[in-house]
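Engineer: Using only what follows, build the 3D model:
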Amino acid sequence: MHREEIAALHSAIEKTGRPIVLSLSPGPATVKDLGFFQDNANMWRIADDFWDDFRSLRQMFLLLSVWGGVGHAGAWPDADMLPLGHIGLRAERGDDRTSRFTHDEAQTVITLWSVAQSPLMFGGDLPTTDAFTLSLITNEEVLEVNQHGAHGYPVSESGDRIVWTAAAPDGRSKYLAVFNLGANAADIHVDWPALKLPETCTLRDLWKKADAGKIPSGFTFHIPPHGSGLYKLTPQ
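Structural biologist: Now for the predicted structure:
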C-alpha cells in the first residue's frame, strides 16, 4: 500500500498550507486500513477501474456496502469515475463509443454514488454527451444527497432488492435509495418505522423533483429492471 510514501505526501501537502486534495488510486483499499486513509488522504479508491457493464455495477454495491457510513468531510471512499455519456474517445477500451449502460442503469450508478457519498467525477466527454446523461449529473436535488448527505449505508438486502439510507442535513429527514438489480420489474416495500422515522412522512421523488404527498406507514416502490429510485423522507 506504500504507507510511507502516502504519509510523506500528506505531510508535504500539510506544509504548503494550501487546499490540495490527495486522491489515492488505483485501489482496491481495505477497510482494515480505514484509520490510515482518513488521517492521510481525502479520498481513496475502493476498487480497480470501474467500467460500463452491469456486472461491475453489481460488484460495486458489495464494495460500497463494506465501506458504508464511514465517509466524512475531507475523507471519502471513492468508487471511481462515472463511465457515462460519450466515452472511449481515445479508445482505452474499445472504439470511440457511448456508455453501454442503459438509461435505468446509468441512473442507478448516480443514485448509488450519491447515497453512498462517493466522489462524483465524470468520465465522459461533456461537449458531446447526450441530454439524458447531462440531466443525471445536473439534477441539483440528487447532487444534494451526494454533497450534503451523511452516513449512507444499506439497511436491507433481499436478493436483487436493495435499500440504502443516508442522513439529510436538517438532522430529521432521511434520504432513501431503492434498487432493483433483477432482470424484471419489482415492487419494493419500505416501512417508515423500520428506518426509525415517524409513522407519517412526506415523500419527495428527487429524480422527478416532485412530492408524492404525506404517506402513512410506508410505501411500495415500483422499480424497473436494473433501476432505482431516490427519495427524501421528511417526518410529519
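Engineer: quick one: contacts for the residue sitting nearest the centre point of the chain?
Structural biologist: In the chain, the residue lying closest to the centroid (CA atoms, centre = their mean) is W113, at 1.2 Å. Contacts for W113 (CB atoms under 8 Å, 6 or more residues apart in numbering) come out as 79, 82, 120, 146. Where you see a C-beta, it was placed from the backbone N, CA and C, and this is true even at glycine.
Engineer: Next, format these as JSON lines and append pLDDT, neighbour count and secondary structure.
Structural biologist: Shown next, in JSON lines, are those (pLDDT from 0 to 100; neighbours: other CB atoms under 10 Å; DSSP: H, G, I helix; E, B strand; the rest coil):
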{"residue": "A79", "pLDDT": "96", "neighbour count": "26", "secondary structure": "coil"}
{"residue": "L82", "pLDDT": "97", "neighbour count": "25", "secondary structure": "strand"}
{"residue": "L120", "pLDDT": "97", "neighbour count": "16", "secondary structure": "coil"}
{"residue": "N146", "pLDDT": "98", "neighbour count": "20", "secondary structure": "helix"}
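Engineer: could I get those as a markdown table with distance to K196?
Structural biologist: Compiled in a markdown table, these are given as follows (distance: CB to CB, whole Å):
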| residue | distance to K196 |
| --- | --- |
| A79 | 26 |
| L82 | 31 |
| L120 | 28 |
| N146 | 22 |
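Engineer: does the nearest residue to S99 once chain neighbours are set aside sit in a helix, a strand or a coil?
Structural biologist: Counting by CB to CB, 6 or more residues apart in numbering, D52 is the residue found nearest to S99 once chain neighbours are left out, at 4.5 Å. Under DSSP: H, G, I helix; E, B strand; the rest coil, the three-state class of D52 is coil.
Engineer: So for stretch 24-31, mean pLDDT?
Structural biologist: Averaged over stretch 24-31, pLDDT sits at 84.
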